[in-house]
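J.: This is a predicted model, with the sequence first.
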Amino acid sequence: MASAVRTSSGRCSTPSYAVLPRTVTLPSIYQAALNDLRICAYAGRHCAPYRRSSIRHGVSFTTWRMRSLGTMISCMTPSELVTERLRLRRWGRADRKPFAELNADPKVMEYYPEPLGRAASDAMVDTIEACFEERGFGLWAVEVTEAGDSTSDPPFAGYVGLWPATFEAPFTPAVEVGWRLAHRYWGRGYATEAGRAVLADGFGRLELDEIVSFTAAVNARSRRAMMKLGMTSSAADDFDHPSLPEGHRLRPHVLYRLSHTRGPRFHPVTP
């Protein structure tokens, strides 16, 4: 299956439908910023500015360095990922209503602590977009472009993407792949198809060494999706999620891992 990466027009000079090679040559200051971006992407932490007091063109080195990092994040983050049947894109205002409906659906939220109200759902969208801007990755809004899909359905199907796992656990900090799709889109292989594109972006553009995924031990559906993505688990990695109280049915969690040596890669195409 071919996938494509498209960068945001007008934001930088990177051409559309292109993947920056690992050997890309950049001015030293930008290469350093790129290295910082990769470190932050893996560790799931904000970069701290370098403590230098030198001045360049009237701007302190510390401020200039951080502006360079922000430029790198903006330029390197694609505006969308395209697969055979799906379009993964940044979030728009029209996505908020169907996302709130998805988050209020008890069937979709069965393996989450509780459904979300509209305010919490909107706040989640804001957090996702902030993650894209600050870290260069996040949870993509998913559109179904497959021919024959009902035109009465809204184009928004849910999300699939990467997210920093920073809670206290033996395997954190880490970057996880996750998904949440409206119930009517289940059983079509969309989570797996989009997940492969997201993993390829993480291992290719972000150069992550490992991507994880985790869920409640009782969530058989998500565990099957993780295995379809080539991820593997070990009983030694099982853990209790620290944000859930003792005795909660969802507290026991399983961890799945995938290393960059076994992960998918993008094969850019022009639509």
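T.: Noted; the coordinates are in hand. Numbering: from 1, shown residues only.

J.: Only C-alpha atoms from now on, for both contacts and neighbour counts.
T.: OK.

J.: tell me what the longest helix belonging to the chain is packed against?
T.: Ordering each helix of the chain by length in residues (DSSP state H) puts helix 118-135 first. Contacts defined by 3 or more Cα pairs under 8 Å, 6 or more residues apart in numbering; DSSP states H and E place helix 118-135 against helix 28-43, helix 61-76, helix 96-103.

J.: Report the rounded mean pLDDT for the second one.
T.: So the one you mean is helix 61-76. For helix 61-76, the mean per-residue pLDDT is 44.

J.: Check which element follows it along the chain.
T.: On the C-terminal side of helix 61-76, the closest following helix or strand by DSSP states H and E is strand 78-82.

J.: and the spatially closest residue to Pro242 that is not a sequence neighbour, which of the three is it?
T.: Among residues not flanking Pro242 along the chain, Glu168 sits closest, at 7.0 Å (Cα to Cα, 6 or more residues apart in numbering). Secondary structure, DSSP: H, G, I helix; E, B strand; the rest coil: Glu168 is coil.

J.: Any figure for the gap between Glu168 and Phe239?
T.: Applying Cα to Cα, to the nearest Å, the value for Glu168 to Phe239 is 11 Å.

J.: And Gly247, by the same measure?
T.: For Gly247, the distance to Phe239 - Cα to Cα - is 13 Å.

J.: Who has more neighbours out of the two?
T.: Phe239 (18 against 8; other Cα atoms under 10 Å).

J.: I'd like to check which residues are in contact with that one.
T.: Counting by Cα atoms under 8 Å, 6 or more residues apart in numbering, Phe239 touches Ala169, Pro252, His253, Val254, Leu255.

J.: got it, and Leu258?
T.: Leu258 touches Glu210, Ile211, Val212, Gly230, Met231, Thr232, counting by Cα under 8 Å, 6+ apart.

J.: again, but for Asn219
T.: Tyr111.

J.: next SSE after the longest strand anywhere in the chain?
T.: Ranked by residue count under DSSP state E, the longest strand found in the chain is strand 156-165. Proceeding N to C from strand 156-165, the next assigned helix or strand is strand 174-181, under DSSP H and E.
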